[in-house]
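1. here is my input; please provide its structure:
(chains A and B)
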There are 2 protein chains.
Amino acid sequence: MRHMLASEARLQLPQWLMGQIPTLQGNYLDQNARMELAISLARQNVEFRSGGPFGAAIFDEKNGELISVGVNLVATCHASIAHAEVVAITLAQMRLKTFNLAGGDRHLQLLTSAEPCAMCLAAIPWSGLHSVICAARDADVRAIGFDEGYKPSSWQKALEYSGISAIADVQRGQAVAVLELYRDGGGQIYNA
Amino acid sequence: MRHMLASEARLQLPQWLMGQIPTLQGNYLDQNARMELAISLARQNVEFRSGGPFGAAIFDEKNGELISVGVNLVATCHASIAHAEVVAITLAQMRLKTFNLAGGDRHLQLLTSAEPCAMCLAAIPWSGLHSVICAARDADVRAIGFDEGYKPSSWQKALEYSGISAIADVQRGQAVAVLELYRDGGGQIYNA
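-> Modelled structure (predicted):
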């Protein structure tokens, strides 16, 4: 290998999503409006072929202000860590200029179109997130061929161990439809 | 919050480490030489106050060519994912322009100055790494106050589940000395 060692890694949202940022900003008052955004990001990530069928967004738990968005960028950014949840967490931390989303009395909430894989599940407690809401289940993700990793028997229990509340199955059907859209379109199943 | 949503996250090695890259490149023939580099990075990260007391490096398993380096950048890069292992994995993937380090017949090996936390343990199988060698144990890291997360009872079993071989306790004493240097210097214990 003749190249220099890399000294910088960049995770960048796809062009279509960067273009939407001005219109996405604002307050999303209930969990349905918040989940609609996460699933819409997942669907568009499939339609624009910018990554896997997963979307996420972080909100202020109380007033619903949108803090960050994320989509799966594993293949496009050449980064196996770039799951939608990790992208949303990291972009929220960049914006707030802190590794701890719980600082300054903040209560931030992650909405994700699918139950977190083993890595994301363990990344959430380090982030300072206050609560997590998921749509599709682990079994739905595995059903289209993705591996979810070596997970604790209950993902909710794993989060509650760190004082993070967790809600499952919100708009599960809509999220499963996005997974199936990806599978039916011949989307790449990495880590199978 | 009045700022725009963030659209890009950057993880950048500290200046002192970027300056060393030309001299670090090369082949490290045995596991002791490889681990010495990982622990030296951890120690310098403490001495230069650029992050937590953790270092990592990725090598070609056979010829020992250095592929990437990583140090803990959680506080300095404002990113809770920026553990030394994640930094080394992501920089290796950036350099090779692929999310899969196992592509092209590569067998890559991660040396890390401490046993991976729950997040890093789950990130390793997604990376395509072939083997992992650790110095300090989970208990050594917890002993200076860091949390390691909700981990499987055996980290080695968790990796072997994904076909990744794992070796513990290589130069454990030297790595523990770096942890103690950090604690004694009043280094920040986040995620406590």
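
2. going forward, measure contacts between C-alpha atoms and count neighbours the same way
-> Fine.

3. next, the contact list for the closest residue to A:N27 other than its chain neighbours, please.
-> Using C-alpha to C-alpha, 6 or more residues apart in numbering or on different chains and skipping residues adjacent in sequence, the residue nearest A:N27 is A:E65, 4.1 Å away. Contacts of A:E65 were listed using C-alpha atoms under 8 Å, 6 or more residues apart in numbering or on different chains, and they are A:Q25, A:G26, A:N27, A:Y28, A:F59.

4. same question, A:S113
-> A:S113 sits in contact with A:M35, A:A38, A:I39, A:A42, A:F54, A:G55, A:A56, A:C134, A:A135, A:A136, A:A175, where contact means C-alpha under 8 Å, 6+ apart.

5. now do the helices in chain A.
-> With DSSP state H as the definition, chain A shows helices at residue ranges A:15-24, A:31-47, A:84-96, A:118-127, A:138-143, A:155-160, A:172-184.

6. how about these in JSON lines, adding mean pLDDT?
-> As requested, these are exported to JSON lines (pLDDT from 0 to 100):
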{"stretch": "helix A:15-24", "mean pLDDT": "96"}
{"stretch": "helix A:31-47", "mean pLDDT": "98"}
{"stretch": "helix A:84-96", "mean pLDDT": "98"}
{"stretch": "helix A:118-127", "mean pLDDT": "96"}
{"stretch": "helix A:138-143", "mean pLDDT": "96"}
{"stretch": "helix A:155-160", "mean pLDDT": "91"}
{"stretch": "helix A:172-184", "mean pLDDT": "97"}
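
7. measure the residue nearest to A:N27 to A:V141 for me?
-> 28 Å (C-alpha to C-alpha, to the nearest Å).

8. can you put the contacts of A:S113 in a markdown table and add neighbour count?
-> As requested, these are arranged in a markdown table below (neighbours: other C-alpha atoms under 10 Å in any protein chain shown):
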| residue | neighbour count |
| --- | --- |
| A:M35 | 27 |
| A:A38 | 28 |
| A:I39 | 30 |
| A:A42 | 29 |
| A:F54 | 31 |
| A:G55 | 31 |
| A:A56 | 31 |
| A:C134 | 24 |
| A:A135 | 25 |
| A:A136 | 26 |
| A:A175 | 31 |
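
9. of these, list those near chain B.
-> Among those, proximity to chain B is found for none (C-alpha under 8 Å from any C-alpha of the partner chain).

10. if we can go back for a sec, please identify the deepest-packed of the helices of chain A.
-> Across those, averaging neighbours per residue (mean count of other C-alpha atoms under 10 Å in any protein chain shown) puts helix A:84-96 on top, at a mean of 27.

11. can you name every helix or strand that that helix contacts?
-> Helices and strands touching helix A:84-96, by 3 or more C-alpha pairs under 8 Å, 6 or more residues apart in numbering or on different chains; DSSP states H and E, are strand A:55-60, strand A:66-71, strand A:108-114, helix A:118-127, strand B:8-12.

12. that helix versus strand A:55-60: what angle between them?
-> For helix A:84-96 against strand A:55-60, the angle between stretch directions is 40 degrees (axes from the mean of the first three to the mean of the last three C-alpha atoms, to 10 degrees).

13. what angle do helix A:84-96 and strand A:108-114 make?
-> Here helix A:84-96 runs at an angle of 150 degrees relative to strand A:108-114 (the same axes, to 10 degrees).

14. report the distance from helix A:84-96 to the chain centre.
-> On the basis of C-alpha atoms, centre = their mean, to the nearest Å, the separation between the geometric centre of helix A:84-96 and that of its chain is 9 Å.

15. for A:E148, phi and psi?
-> The phi and psi torsions at A:E148 (degrees, to the nearest 10) take the values phi -110, psi 0.

16. list the contacts for it?
-> For A:E148, the set of contacting residues under the criterion of C-alpha under 8 Å, 6+ apart consists of A:P116, A:C117, A:A118, A:D138, A:V141, A:R142.

17. same thing but 10 Å
-> Counting by C-alpha atoms under 10 Å, 6 or more residues apart in numbering or on different chains, A:E148 makes contact with A:115-120, A:138-139, A:141-142, A:191-192, B:122, B:126.

18. cool, thanks, talk later.
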